[in-house]
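Chemist: predicted structure and sequence below. I'll ask about it afterward.
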Amino acid sequence: MYKDSLEYIIDKTRGMDVECLFISNKRILTRFANSYIHQNVSVEETELSIRVVIDSKTGKVTVNQFSKDVLDSAIERAIAMAKIAPPDPEYFGLPSPITVETKKKEYKEISPEVLAQKVKDFIDATGNLNASGALEVNNITMVIVNSNGISLEDNLSMVSLESVVQDNDSSGYVYTMEKDLEDIDFVSLANIASYKARKGRNPIELSPGYYTVILEPQAVGTLISFLGLMGFGAKQFEEKRSFLVGKLGEKITSDLISIWDYPSHPKTISFLFDFEGLPRKDVALIDKGVAKNLVYDFKYAKKAGRESTGNSLPQPNTDGPLPFNLTLLPGDSSLEEMITSTKRGILITRFHYTNIVDPIKTIITGMTRDGTFLIEDGEVMTPVKNMRFTQSILEALNSVELIGKDIFRAGEHFIFPTLVPALKIDRFQFTGVTR
Amino acid sequence: MRDMAYLALNTALEYGATFCEVRVIKSRRQGINVKNELVEELIDRVEEGIGIRVIANGSWGFAGTSILDKNNIIETAKKAVDIARASSLTKRRNVELSPAKRIIANWKNLVKINPFEVPLDKKVSLLIEATKIMTKVKDVKIAEGSMDFWETEKFFVNSEGTEIFQHIIESGSGICAYGIREGDVQRRSYPNSFGGQYETRGYELIEEINLLDNAQRIAEEASALLDASECPSTVTTLILDGSQVALQVHESIGHPIELDRILGMEASYAGTSFISVNDRGRLKYGSKIMNITADATLPNGLGSFGYDDEGIPAQRVDIVREGILLNFLTNRETACILGETSNGTCRADGWKNIPLIRMTNINLEPGTGTLEDLIKDTDEGIFMCTNKSWSIDDKRLNFQFGLEIAWEIKDGKLTRILKNPNYTGITPEFWSSLDAVCGSSEWKIWGVPNCGKGQPGQLAHVGHGTSPARFRNVRVGVK
């Protein structure tokens, strides 16, 4: 159906710069709380955006119906908008095709009964604890066609489980994302969350201040995701809103830190091209502590006299290019080694409701949640009440002592999941405590 | 719309649903984003879809689709029932709904100027002019302006005979200026940050907020912030402007009083609440002058409507009276657990999502006097304006807010500007330190168009009627 629509639009707009972006998603989400399924949804949605550029003036219309009348009206409105819009002096045309090898992946229909049974397996394994969470399946197809000859289609599946398992005054957390439901071990995950919930009973209160912390991968994912929002994009850099202004080529973190936008990593889940149809490329953003590169879309690459790195959001947009597949390269330590090497510190499962305080200094604030423990003399000793941190990400990454050898997909992300290991950080600031 | 809705309703009931509600929605959005006199983005988005929520085997199921042919609507209705049956695999007890009156209604909000009939070039020109004024000010390197308009036509039916059509138009606009100097970026926004002010109104809102007359002022403030001193780290008297009181109400009152959160239904994502069901009538939420209402009937509020997405009429409810918690926000399922009827706060983000308990207009009722009076009455303290960042824990107790600008108060007068102001606190302690709320002349319903909740994530449009307020002994300047 959509292919006919795309051909129809390109045919109707010959002589103009035109781009059609089609995205569809079949989503099933089985949500549970108080150890039963309380919300269970299935949605099939499609949308088609038509971008028309006339004399460097852009109009764009998005619809989710595909009748001839709807498409004709959308084309007319996009052309009318393009005629009214002021010209963009920095319009460089639409990109031309660059070969991207895509291979259509088979989409496996999963019934609601199968998902409900998996959730039941998880809940049963948590015993008498209170399990909440969501098992989500997304099957997304993206098609992009433009008047310069780009014609690409790719699809991907993402299956994720997130759960908070609660005891009276404590909780544990697990998150996983895989390409296939069968790759998720529900009972093992339930056991991990349950163990933390039970171990977290009767937390003590610690005073705010600086501590050594061991961040499990989900907590590291939050730091890396927020860092990704604050400065690696070429537009942010040009506007001087990036923390990297004046620092490219300089050492900004510990030598142990290398962060890539890494679409080719075997664990990455991502489309092979970006939202203007250009191939995704691996980019070393920070290499052994040195700020190396930015990410570019077609426009900002042209402005900089380089090639796009395949980091365009749907055009036009206000954000500019952003990293899609942030990856903190692993080290050689185990979580156990991090704990046993710590005289006094805090083990953190995840962060909650984090927000940016100062993007230039990369300062963020947020809370710990679902498993925060005091480490003393190399052992996890006692649970602690959740604490508020206010901390510069770059300063934290500058005081990294150890990096985990295994990397995981993290739940808090903005476009696609980050890949991150655990970290041991020598100095991390807590500014408050909750009850 | 009507035919599609009844096709889905009848199919679901024939297929075994014991309860069914259907929403068919057609919506349109127009958005304009201008930066430094250039149009960065024009959004024109039209979508239609159907959402079908059922109870079967005593459990919930929901299915939605944007493919609106007859066969697919039938298949989607059957899918909703199949999903409900699957949900019952883990059932503890049957879902029960509180009783609701059968309603046949047609409702629309009052709009003087339909924003979709205002020429696009007129809107674009206004934003370009505003950014032009701002970029002329020293050190203002980035000036932005935006407008957003939504039109929603919603047809609702349920298996209890309710049939409601609603037509809602919403508008919003704002500008902001960034002062940028090496290593420092300072922002000022008008009339509020993150897109400005939003209401259930037409283009008359855009004309009233008068962007052009405020562009120069906020640009000069953004520039002045670059030379300002840092907000000191101390414990002091804090006066918040109305827009920040709105966000304070949103995060530390609006969310924790949602009964689904209190009952643990949002535990895995947004979290729970420090409030328990037994706290009603007992919990001292704040000081004696703290009066909070939930009021979906207020004209123009972004959280105003005729009926919620369970077909319950909009209501005004006392939430906190003289500092004591009296009520929660409820829907039919959670109200039934308390043996009550819903107070009409259940809303969904479009056709593709299930309705959840959402804030309506959650208001701090006005006190007396003006902001000027309040500042005059304050010997020493800090006056903070316009939100920049927010964070609160999963029980809604420990919060920290950052703001765009502050002024030091000395002997009842605003003195020097302070940059990077923030404050932190614990919810009931903070509200107990409230000792003054400005009066009706300063009271305004601030629109929040991006309230996130649920999995998959939903955004709700909500409002907060607030005026500037004063709090004592607040920790500010967290470094």
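Modeler: Good, I have the coordinates.

Chemist: biggest helix in chain A by residues?
Modeler: Longest helix in chain A by number of residues (criterion: DSSP state H): helix A:68-84.

Chemist: and the stretch 101-250 of chain B, which residues reach chain A?
Modeler: Residues of the stretch 101-250 of chain B lying near chain A by C-beta under 8 Å from any C-beta of the partner chain: B:120-121, B:124, B:128, B:141-142, B:144, B:178, B:180, B:182-185. Just so you know, the C-beta spots here come from the backbone N, C-alpha and C atoms, and that holds for glycine as well.

Chemist: of those residues, which belong to strands?
Modeler: Among those, DSSP state E puts B:Lys141, B:Ile142, B:Glu144, B:Tyr178, B:Ile180, B:Asp184, B:Val185 in strands.

Chemist: sorry, back to before: now the longest helix of chain A: buried residues?
Modeler: A:Val70, A:Leu71, A:Ala74, A:Ile75, A:Arg77, A:Ala78, A:Ile79, A:Met81, A:Ala82, A:Ile84 (16 or more other C-beta atoms under 10 Å in any protein chain shown).

Chemist: for it, packing partners?
Modeler: For helix A:68-84, the packing partners by 3 or more C-beta pairs under 8 Å, 6 or more residues apart in numbering or on different chains; DSSP states H and E come out as helix A:2-12, strand A:36-54, strand A:57-63, strand B:38-56, helix B:120-135.

Chemist: the inter-axis angle of it versus helix B:120-135?
Modeler: Interaxial angle, helix A:68-84 versus helix B:120-135 (axes from the mean of the first three to the mean of the last three C-alpha atoms, to 10 degrees): 40 degrees.

Chemist: picking that back up, can I get the buried residues of helix A:68-84 in JSON lines including distance to B:Thr76 and pLDDT?
Modeler: Putting the buried residues of helix A:68-84 into JSON lines (distance: C-beta to C-beta, whole Å; pLDDT from 0 to 100) gives the following:
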{"residue": "A:Val70", "distance to B:Thr76": "20", "pLDDT": "95"}
{"residue": "A:Leu71", "distance to B:Thr76": "23", "pLDDT": "95"}
{"residue": "A:Ala74", "distance to B:Thr76": "24", "pLDDT": "96"}
{"residue": "A:Ile75", "distance to B:Thr76": "29", "pLDDT": "96"}
{"residue": "A:Arg77", "distance to B:Thr76": "28", "pLDDT": "94"}
{"residue": "A:Ala78", "distance to B:Thr76": "30", "pLDDT": "95"}
{"residue": "A:Ile79", "distance to B:Thr76": "34", "pLDDT": "95"}
{"residue": "A:Met81", "distance to B:Thr76": "33", "pLDDT": "92"}
{"residue": "A:Ala82", "distance to B:Thr76": "36", "pLDDT": "93"}
{"residue": "A:Ile84", "distance to B:Thr76": "38", "pLDDT": "87"}
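
Chemist: domain map for chain A?
Modeler: Domain segmentation of chain A under automatic domain parsing yields A:2-188, A:203-270+A:324-435.

Chemist: closest one to B:Ile292 among the ones you listed?
Modeler: Across those, B:Ile292 has its closest neighbour in domain A:203-270+A:324-435 (21.3 Å, C-beta to C-beta).

Chemist: what's the average pLDDT for the closest one?
Modeler: For domain A:203-270+A:324-435, mean pLDDT is 96.

Chemist: endpoint to endpoint, that domain covers what distance?
Modeler: From its first residue to its last, domain A:203-270+A:324-435 covers 10 Å (C-alpha to C-alpha, to the nearest Å).

Chemist: hmm, it in reach of chain B?
Modeler: Yes - using C-beta under 8 Å from any C-beta, we find that domain A:203-270+A:324-435 touches chain B at A:239-241, A:245-246, A:352-360, A:365-367, A:369, A:386, A:388, A:390, A:431-435.

Chemist: rebuild the buried residues of helix A:68-84 as TSV, extending it with distance to B:Asp411.
Modeler: Supplementary listing: the buried residues of helix A:68-84 in TSV, determined by distance: C-beta to C-beta, whole Å:
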residue	distance to B:Asp411
A:Val70	65
A:Leu71	67
A:Ala74	62
A:Ile75	65
A:Arg77	58
A:Ala78	59
A:Ile79	62
A:Met81	55
A:Ala82	58
A:Ile84	54
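
Chemist: returning to what we had before: what lies in contact with the longest helix of chain A?
Modeler: A:5, A:8-9, A:12-13, A:16, A:48, A:50-54, A:57-63, B:42, B:44, B:46, B:120-121, B:124 (C-beta atoms under 8 Å, 6 or more residues apart in numbering or on different chains).

Chemist: same question, stretch A:274-281
Modeler: Identification of contacts with stretch A:274-281 by C-beta under 8 Å, 6+ apart yields A:19, A:21, A:94-95, A:97-100, A:142, A:144, A:146, A:150, A:152, A:263, A:270-273, A:297-298, A:308-315, A:324-325.

Chemist: let's see it at 6 Å
Modeler: A:95, A:98, A:100, A:144, A:150, A:152, A:263, A:273, A:298, A:308-315 (C-beta atoms under 6 Å, 6 or more residues apart in numbering or on different chains).

Chemist: likewise for stretch B:355-371?
Modeler: So stretch B:355-371 is contacted by B:249, B:254, B:258, B:260, B:289, B:291, B:293-296, B:298, B:301, B:303, B:309, B:329, B:331, B:345-348, B:437-440, B:442-443, B:445, B:453-454, B:460, B:462-468 (C-beta under 6 Å, 6+ apart).

Chemist: can I get the domains of chain A in a markdown table with distance to B:Thr272?
Modeler: Shown next, in a markdown table, are those (distance: least, C-beta to C-beta, whole Å):
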| stretch | distance to B:Thr272 |
| --- | --- |
| domain A:2-188 | 8 |
| domain A:203-270+A:324-435 | 11 |
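
Chemist: okay, those domains, which one's buried deepest?
Modeler: domain A:203-270+A:324-435 (a mean of 20; mean count of other C-beta atoms under 10 Å in any protein chain shown).
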